[in-house]
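Participant: what follows is a predicted structure for the sequence shown.
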Amino acid sequence: MTDFDDDLSNDFDSAPVRLTVDLAALVDNWHDMARRSGKARTAAVVKADAYGMGIEDAGEALFLAGARDFFVATVDEGVTLRLYAPEARIFVLAGIWPGTERRFFENDLVPVISSEEQLAFWMAVLADYGDYPCALHVDTGFNRLGLHIDEALALVEDVSRPASFAPVLVMSHLACGDDPASPMNRQQLESFRKVSRAYEGIESSLVASAGIFLGDDYHFDLTRPGISIYGGEAVNGMVNPMRPVATAEARVIQVRTVSAGESVSYGRALRLTRDSRLAIVSAGYADGYMRSQSSGGVPLRQAVPQGGQGFFEGYKVPVAGRITMDLTIFDVTDLPENLIRAGDYIELFGKNILVDDAARAAGTIGYEMLTSMGLRHERKYVAEDE
Ligand SMILES: *Cc1c(COP(=O)(O)O)cnc(C)c1O
């Protein structure tokens with residue numbers, strides 16, 4: 001090991017907040033989604049720094065596992081990913097803006113064209129630069145990004161479009177894929193079938209993680225899983241079959257003893273009803289440990305009224321009082337005395353507190369927990385056998 005590596009692992013061992021990313025679980029999850037995608041090819045969505053896991057390491061692991069189609073949100077993400085996924089096709093979901101075209105060409109990135117303005121600009125670019133692939137995003141009811149369906153169908157017939165206009169993919173996105181019972185799924189499927197037929201000979205892609213579980217009809221040529229490969233829940237009300245990938249932990253700074261009747265944290269939201277021991281850890285809402293997981297005083301939260309939980313050596317420990325910017329307090333009264341000490345780490349989410357359970361306690365979704373870790377954490381990559 002070089003000195004440099006030593007320094008890194010020392011940082012990890014004493015970091016206030018640390019994230020362990022299990023690349024073996026990540027790769028397993030991607031293979032799992034590839035199996036569930038049947039005959040379709042399976043891309044990997046690595047936007048938002050691979051859902052907080054780190055686009056460099058996650059992207060490379062997925063490329064080495066065989067992923068050859070990637071989706072990123074921005075051109076910057078695409079430029080970074082290109083170094084780790086040399087022969088992959090990289091689609092940029094935000095599309096192309098005047099002034100960014102060189103970066104697309106130099107890094108071999110494929111813009112996803114999703115509005116009339118982008119389409120007009122892209123046609124002008126092609127007139128100057130000649131052949132270059134693009135993808136077309138067609139809106140089938142989500143009303144976020146995408147060409148209007150009539151526009152997309154008209155474009156196929158439009159003889160005035162440049163000969164060099166060569167989409168390699170038409171895509172759309174489901175609004176309610178996480179709810180298998182929603183009639184919206186069928187409606188969008190029917191609309192997208194029209195698009196897919198009109199663009200005969202060009203690959204089609206409709207679904208993200210959740211939609212893969214809706215079955216073969218929805219798979220088309222390419223699926224686009226994100227959250228499921230990072231171990232998060234895609235479908236509401238279904239037991240999550242994916243392996244957890246990320247473990248977030250925070251270091252205990254102090255364990256203190258407090259008497260019954262005293263209060264804890266801002267606003268005195270928690271009044272202790274028994275003599276208690278409290279562990280104060282160095283993670284707060286600035287580290288993505290959302291204030292809404294506090295034990296009390298957060299009116300927005302409904303799913304888990306008592307707040308979030310951490311985990312330490314076989315014990316679940318509840319958050320005590322309000323979570324603050326840099327610090328969170330856990331009630332460790334039920335642990336054997338002296339089991340937990342300053343310098344130990346409490347799991348915030350991971351194998352024992354599933355990220356989606358932590359998210360529910362915060363009134364949000366696993367996606368937001370994973371992508372909210374902020375700037376202060378240290379990361380380590382491992383590859384654990386199942
Ligand atoms: C984020 C995103 C995905 C991946 O979604 P998951 O629910 O994380 O699987 C796929 N397609 C598009 C267009 C997206 O924006």
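Facilitator: Looks like it arrived, so ask away. Numbering: from 1, shown residues only.
Participant: and this structure, which residues reach the ligand?
Facilitator: 45, 47, 93, 173, 208-210, 224-228, 234 (CB under 6 Å from any ligand atom). (Glycine included, C-beta is placed from N, CA and C.)
Participant: what's the PyMOL line that selects buried ones from those residues?
Facilitator: Those of the residues of the chain next to the ligand that count as buried under 16 or more other CB atoms under 10 Å are selected in PyMOL with:
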select buried, resi 45+47+93+173+208+209+210+224+225+226+227+228+234
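Participant: which of the residues of the chain next to the ligand fall within strands?
Facilitator: Val45 (DSSP state E).
Participant: closest to Gln254 out of the residues of the chain next to the ligand?
Facilitator: Ile227 (35.4 Å; CB to CB).
Participant: quickly note the distance from that closest one to Ala359.
Facilitator: 11 Å (CB to CB, to the nearest Å).
Participant: what do you get for Val252?
Facilitator: 23 Å.
Participant: more crowded one of the two?
Facilitator: Shown here are Val252 and Ala359; by other CB atoms under 10 Å, Ala359 has more neighbours (26 against 21).
Participant: wait, the more buried one touches Gly366, no?
Facilitator: Yes: contact status for Ala359 versus Gly366: in contact at 4.8 Å, counting by CB atoms under 8 Å.
Participant: give the rounded mean pLDDT of the helix or strand that contains Gly59.
Facilitator: Using DSSP states H and E, Gly59 maps to helix 55-65. Here helix 55-65 scores 98 as its mean pLDDT.
Participant: buried sites along it?
Facilitator: Those would be Ile55, Glu56, Asp57, Ala58, Gly59, Glu60, Ala61, Leu62, Phe63, Ala65, for helix 55-65 by 16+ other CB under 10 Å.
Participant: buried residues in the longest helix along the chain?
Facilitator: If you go by DSSP state H, the chain has its longest helix at helix 183-198. Buried residues in helix 183-198, counted by 16+ other CB under 10 Å: Met184, Asn185, Gln188, Leu189, Ser191, Phe192, Val195, Ser196, Ala198.
Participant: got the contact list for the regular element (helix or strand) spanning Glu77?
Facilitator: Using DSSP H and E, the secondary-structure element containing Glu77 is helix 75-82. Outside helix 75-82, the residues within contact range by CB atoms under 8 Å, 6 or more residues apart in numbering are 46-47, 49, 55-56, 59, 70, 72, 88, 90, 92, 94, 96, 100, 103-104, 107-109.
Participant: give me the spatial nearest neighbour of Met53, chain neighbours excluded.
Facilitator: Val21 (4.9 Å; CB to CB, 6 or more residues apart in numbering).
Participant: what residues are up against the one you found?
Facilitator: Met53, Gly54, Asp57, Ala58, Val245, Ala246, Arg379, Lys380, Tyr381, Val382.
Participant: what sits closest to whichever residue of the stretch 1-150 of the chain sits closest to the ligand if chain neighbours are left out?
Facilitator: Of all residues in the stretch 1-150 of the chain, Val45 sits closest to the ligand, at 4.0 Å by CB to the nearest ligand atom. Of all residues not flanking Val45 in the chain, Gly226 sits nearest, at 3.4 Å (CB to CB, 6+ apart).
Participant: any stretches of this structure with poor pLDDT?
Facilitator: Low-confidence segments of the chain, defined by pLDDT under 70: 1-10, 297-303.
Participant: any idea which element whatever residue of the stretch 251-386 of the chain ends up closest to the ligand lies in?
Facilitator: Relative to the ligand, the nearest point of the stretch 251-386 of the chain is Tyr367 (6.4 Å; CB to the nearest ligand atom). Taking DSSP H and E as the definition, Tyr367 sits inside helix 366-370.
Participant: count of neighbours near Arg18?
Facilitator: Arg18 - counted by other CB under 10 Å - has 21 other residues nearby.
Participant: dihedrals phi and psi, it?
Facilitator: Dihedral angles of Arg18 (phi, psi; degrees, to the nearest 10) stand at phi -140, psi 150.
Participant: quick one: it and Ala248 touch, right?
Facilitator: Yes: between Arg18 and Ala248 there is a contact at 7.5 Å, judged by CB under 8 Å.
Participant: which residues do these two both contact?
Facilitator: If you check Arg18 and Ala248 against CB under 8 Å, 6+ apart, the residues they both contact are His377.
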